[in-house]
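*Asks:* Could you look at this predicted model? Sequence included:
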2 protein chains.
Amino acid sequence: MTEPTTQKPYLFKTIGIIGVGLLGGSIAAAVRQRNLSETILGAGRNPARLRAAQHSGLLDRGTTNIAETSARSDLIIVCTPVNHIVQFIRTVAKNSRPGTIITDVGSTKQKICEALYGSLPEGVTFVASHPLAGSEKAGYEFADPNLFEGRPCVITPDDSLPVEAVARIKQFWEALGMHVLETSPQKHDQILAETSHLPHVVASALAMTLTEENRKFTSTGFRDTTRIAAGDPALWIEILLNNREEVVNSIDRYTHSLQRLRDAIINQDENQLRQLLEDGKKNQDALNSSRKQ
Amino acid sequence: MTEPTTQKPYLFKTIGIIGVGLLGGSIAAAVRQRNLSETILGAGRNPARLRAAQHSGLLDRGTTNIAETSARSDLIIVCTPVNHIVQFIRTVAKNSRPGTIITDVGSTKQKICEALYGSLPEGVTFVASHPLAGSEKAGYEFADPNLFEGRPCVITPDDSLPVEAVARIKQFWEALGMHVLETSPQKHDQILAETSHLPHVVASALAMTLTEENRKFTSTGFRDTTRIAAGDPALWIEILLNNREEVVNSIDRYTHSLQRLRDAIINQDENQLRQLLEDGKKNQDALNSSRKQ
């Protein structure tokens, strides 16, 4: 485990991941593939699964001991469901050495940052993150070292945080292939309600509407439009309720768009229908041209 | 061009395709790859593009002469936008030899079948089809010989049609790798409103709702959910207005699903939200397990 002298220095000597599921596992796989740390520790609740993740080579050590993992790590990434993030970060921070940086991957940011910024022990810094990468699959078995490549990661620091810690978190996500965007926690939740939480509600509503006897009459269009509805309901309940007001705002704006389309169809207003479909297509084309597929 | 004696007989000696875009071109490519006919003719409106499709090898001959193409073909597939299908099939039928079979790929069926069943010249049979395969891309350049593989094709014959012609159309789509479903034109339009037209409206409304400054905060979830919104507005205006009542019915049922999700979120009703998300997930999981990806 000695660092070869010819190699560039590790970004963080030891990285600890709390919650080794699809996202935590993918971070471990990406860190390993890119050789960003000497040691990768994983901690969580299920000893059998953590041992299995260690045996698979994804982790150097997998344990239920959060305190030990925290004490040994230079960077700790909390990858639990959103409702447990605050509590885990408090435990992690209490057990960390001074100089430790903590981040997370939570899909909402305002409540987490309100609870944690300015309230952690001296010398330990939490910088909130939200890598916009994921999958409807669950479990470290689906870990993908390239999951983050080319995707955005939003960080939501505030002015109280040490500039150096924010810079290192930015550097970490960039080392995973992400481009980092910075915004306030409040603005993050407002934007993500539109770009992530709303699509989940829209896809779920469509999947709910499909009658069982019509399943065999679907093709790729239906399946792509509803793909994310296969995500874990337990995770999404937390996200949607955490960001309740902004999500409801987005649903209402969406319902208005939908009603405009409905009106144009019922009124056989071809010009209006063309305008609306073209507005949507313009946005979609812009997404496809600005990103790789 | 002589048929080798060792080879199985062609399904149709000469196949004519009216409208050589993404779908017509993909049929030509699939017929060629599977060696289902000796000759593939293409006809349409744009001489330069038809010549180019001929030069590319997709067609044995590409021309604007619908009458000649009709007279030479044993099977004719009309792949134009839905609003032109009836008129083209009338022209094709008028110029066809007795025994010729005609089909189409239109996304709505009721108006087409009402106009054509029982009204074509003696000896020429039209059997309505809707292969559930497509792409948001347009143009024969994107022709894909495997576009139909594993997908459903709905045919909507009625009792007046010769059983033999219906069987041969069924055989044709099966030879392209599709599984054929049979239903009435009316039932087709009702089902497809839910499984195809509604998803387009849902995806377009979501794409319309995205604000330009938030585009960079989207990831794969948003992009997949809105993929089909990149489809050609002109084609979709015709489909949505052709099937107006059933589409509006589907939008209303969908809006009800969406409002149930909204209510559960605003009331912080975790149990109800879990139930709804699980209903959607169950449908989505069923789609994913019953079909290849």
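*Replies:* Sure, I can see it. Residues are numbered from 1 along each chain as shown, chains lettered A, B, ... in the order given.

*Asks:* Let me see the ranges of the helices in the stretch 51-200 of chain A.
*Replies:* Assignment of helices within the stretch 51-200 of chain A using DSSP state H, counting those that start in this stretch yields the ranges A:66-72, A:85-95, A:110-116, A:163-175, A:185-192, A:198-209.

*Asks:* tell me the contacts of A:Ala193?
*Replies:* A:243, A:246-247, A:249-250 (Cβ atoms under 8 Å, 6 or more residues apart in numbering or on different chains). To be clear about C-beta, it is placed using only N, CA and C from the backbone, and glycine gets the same treatment.

*Asks:* and chain B, which of these reach it?
*Replies:* Counting by Cβ under 8 Å from any Cβ of the partner chain, A:247, A:250 from the contacts of A:Ala193 sit close to chain B.

*Asks:* out of the contacts of A:Ala193, which one sits closest to A:Gln190?
*Replies:* Set against A:Gln190, the nearest of the contacts of A:Ala193 by Cβ to Cβ is A:Glu246 (5.1 Å).

*Asks:* How about the closest one, nearest residue that isn't a chain neighbour?
*Replies:* Spatial nearest neighbour of A:Glu246, chain neighbours left out: A:Ala193 (3.6 Å); criterion: Cβ to Cβ, 6 or more residues apart in numbering or on different chains.

*Asks:* Need the pLDDT of the one you found.
*Replies:* Turning to A:Ala193, the model gives it a pLDDT of 98.

*Asks:* just A:Lys292 next, same as before
*Replies:* pLDDT, A:Lys292: 45.

*Asks:* In PyMOL, how would I select the buried members of the contacts of A:Ala193?
*Replies:* Buried subset of the contacts of A:Ala193, written as a PyMOL selection, criterion 16 or more other Cβ atoms under 10 Å in any protein chain shown:
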select buried, chain A and resi 243+246+247+250
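
*Asks:* Apart from its chain neighbours, what residue comes closest to the residue in the stretch 1-150 of chain A that chain B sits nearest to?
*Replies:* Closest residue of the stretch 1-150 of chain A to chain B, Cβ to the nearest Cβ: A:Leu132 (3.9 Å). Excluding the flanking residues, the one nearest A:Leu132 by Cβ to Cβ, 6+ apart is B:Ser219, at 3.9 Å.

*Asks:* repeat for A:Asn249
*Replies:* Nearest residue to A:Asn249, sequence neighbours excluded (Cβ to Cβ, 6+ apart): A:Ala193, at 6.6 Å.

*Asks:* Can you name the next helix or strand after the longest helix along chain A?
*Replies:* Secondary structure of chain A per DSSP state H: the longest helix is helix A:244-266. Remark: after helix A:244-266, the chain's next helix or strand is helix A:270-290, criterion DSSP states H and E.

*Asks:* contacts for that following helix?
*Replies:* Residues from elsewhere that reach helix A:270-290 (Cβ under 8 Å, 6+ apart): A:257, A:260-261, A:263-265, B:203-208, B:210, B:212, B:215-216, B:218, B:222-223, B:226-227, B:229-231, B:233-234, B:236-237, B:240-241.

*Asks:* ChimeraX command to pick out the buried ones of the residues you listed?
*Replies:* Typed into ChimeraX, the line below selects the buried ones among those, using 16+ other Cβ under 10 Å:
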select /A:257,260,261,264,265 /B:203,204,205,206,207,208,210,216,218,222,223,226,227,229,230,231,233,236,237,240,241
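
*Asks:* hmm, back to that, mind putting the contacts of A:Ala193 into TSV with pLDDT?
*Replies:* Output for those, formatted as TSV (pLDDT from 0 to 100):
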residue	pLDDT
A:Asn243	97
A:Glu246	97
A:Val247	98
A:Asn249	98
A:Ser250	98
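
*Asks:* Just the closest of the contacts of A:Ala193 to chain B, please.
*Replies:* Using Cβ to the nearest Cβ, A:Val247 comes nearest to chain B of the contacts of A:Ala193, at 5.9 Å.

*Asks:* what residues are up against the closest one?
*Replies:* Applying Cβ under 8 Å, 6+ apart, the residues contacting A:Val247 are A:193, A:197-198, A:201, A:240, B:265.

*Asks:* Give me the distance from the longest helix of chain A to the chain's centre.
*Replies:* Offset of helix A:244-266 from its chain centre (Cα atoms, centre = their mean, to the nearest Å): 26 Å.

*Asks:* before we move on, what about stretch A:161-168?
*Replies:* 20 Å.

*Asks:* pLDDT of that stretch, averaged?
*Replies:* The average pLDDT within stretch A:161-168 is 97.

*Asks:* CA-only coordinates of it, as CSV, when you get a sec.
*Replies:* The C-alpha coordinates for stretch A:161-168 follow below in CSV (Å, rounded to 0.1, in the frame of the first residue of the first chain):
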residue,chain,number,x,y,z
LEU,A,161,-16.8,27.5,4.1
PRO,A,162,-13.0,27.5,3.7
VAL,A,163,-12.3,28.2,0.0
GLU,A,164,-9.6,25.5,0.0
ALA,A,165,-12.2,22.7,0.9
VAL,A,166,-14.6,23.9,-1.7
ALA,A,167,-11.9,23.8,-4.3
ARG,A,168,-10.9,20.3,-3.4
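
*Asks:* And it, what's buried?
*Replies:* A:161, A:165-166, A:168.

*Asks:* of all these, which two lie farthest apart?
*Replies:* A:Leu161 and A:Arg168 (11.1 Å).

*Asks:* most tightly surrounded among the helices of the stretch 51-200 of chain A?
*Replies:* Across the helices of the stretch 51-200 of chain A, the average number of neighbours (mean count of other Cβ atoms under 10 Å in any protein chain shown) peaks for helix A:198-209, which reaches a mean of 27.

*Asks:* Next secondary structure after that one?
*Replies:* Next in sequence after helix A:198-209, counting helices and strands by DSSP H and E, comes helix A:220-226.

*Asks:* Report all helices and strands that that following helix contacts.
*Replies:* Packing partners of helix A:220-226 (3 or more Cβ pairs under 8 Å, 6 or more residues apart in numbering or on different chains; DSSP states H and E): helix A:198-209, helix B:198-209, helix B:220-226, helix B:270-290.

*Asks:* quick one: average pLDDT of the shortest one?
*Replies:* The average pLDDT within helix B:220-226 is 94.

*Asks:* Next: the second one.
*Replies:* Throughout helix B:198-209, pLDDT has a mean value of 98.

*Asks:* then it to CSV, C-alphas only?
*Replies:* Taking C-alpha atoms only, helix B:198-209 is exported to CSV below (Å, rounded to 0.1, in the frame of the first residue of the first chain):
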residue,chain,number,x,y,z
LEU,B,198,-50.3,10.4,-24.8
PRO,B,199,-46.5,9.8,-24.2
HIS,B,200,-45.8,12.2,-27.0
VAL,B,201,-48.0,14.9,-25.4
VAL,B,202,-46.5,14.2,-22.0
ALA,B,203,-43.0,14.4,-23.2
SER,B,204,-43.6,17.6,-25.2
ALA,B,205,-45.3,19.3,-22.2
LEU,B,206,-42.2,18.4,-20.1
ALA,B,207,-39.8,19.7,-22.8
MET,B,208,-41.9,22.9,-23.1
THR,B,209,-41.7,23.4,-19.3
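
*Asks:* out of everything not next to it in sequence, what's closest to A:His179?
*Replies:* Nearest residue to A:His179, sequence neighbours excluded (Cβ to Cβ, 6+ apart): A:Pro152, at 5.7 Å.
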